[in-house]
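**Q** One predicted model, sequence on top.
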Amino acid sequence: MEELKLSKKLLMDKISAKCNYADPKLVEQVYYATLRVILDELRTNGKVWMPDWGKFRVTEYKRRKIGNVNTGESEWIPPTKVIKFDACTKLKYYVKNKV
């Protein structure tokens with residue numbers, strides 16, 4: 001399966017086409033507003049549930065020890081926050097069955 005690189009412009013064009021060619025500027029505003037809402041919720045609550053999509057959540061990896069391959073010495077990696085996404089059952093079914 002070949003990887004499709006979905007640029008921002010291509011994404012906006014596809015969304016605009018799905019919305020019967022809505023104004024591309026409006027589509028872009030909605031896109032960025034959606035991102036801002038998701039990021040604000042992640043920052044304040046640590047999780048966001050989006051119906052028919054899934055759940056975004058902030059997870060923190062604990063501080064851990066690693067071995068430096070070049071020097072052979074042990075080093076500590078500080079705690080790191082990452083965003084994880086768990087797809088909902090409906091989205092998994094859609095992808096799996098190519099509906």
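**A** Arrived safely. All of these numbers come straight from a predicted model, not from anything done at the bench.

**Q** what's the helix or strand for residue 86?
**A** Assigned by DSSP states H and E, residue 86 belongs to strand 80-87.

**Q** need the next SSE after that strand, C-terminal direction.
**A** The helix or strand immediately downstream of strand 80-87 is helix 89-97, counting by DSSP H and E.

**Q** so that following helix versus strand 80-87, what angle?
**A** Helix 89-97 and strand 80-87 are oriented at 70 degrees to each other (axes from the mean of the first three to the mean of the last three CA atoms, to 10 degrees).

**Q** What is helix 89-97 packed up against?
**A** Taking 3 or more CB pairs under 8 Å, 6 or more residues apart in numbering; DSSP states H and E as contact, there are no helices or strands that helix 89-97 lies on. C-betas here are computed from N, CA, C, even on glycine.

**Q** hmm, back to that, list the contacts of the strand holding residue 86.
**A** Outside strand 80-87, the residues within contact range by CB atoms under 8 Å, 6 or more residues apart in numbering are 42, 53-61, 95.

**Q** Kindly report the same for stretch 88-99.
**A** Against stretch 88-99 from outside (CB under 8 Å, 6+ apart): 51-55, 87.

**Q** Keep only those of the residues you listed that are in strands.
**A** If you go by DSSP state E, the contacts of stretch 88-99 have 54-55, 87 in strands.
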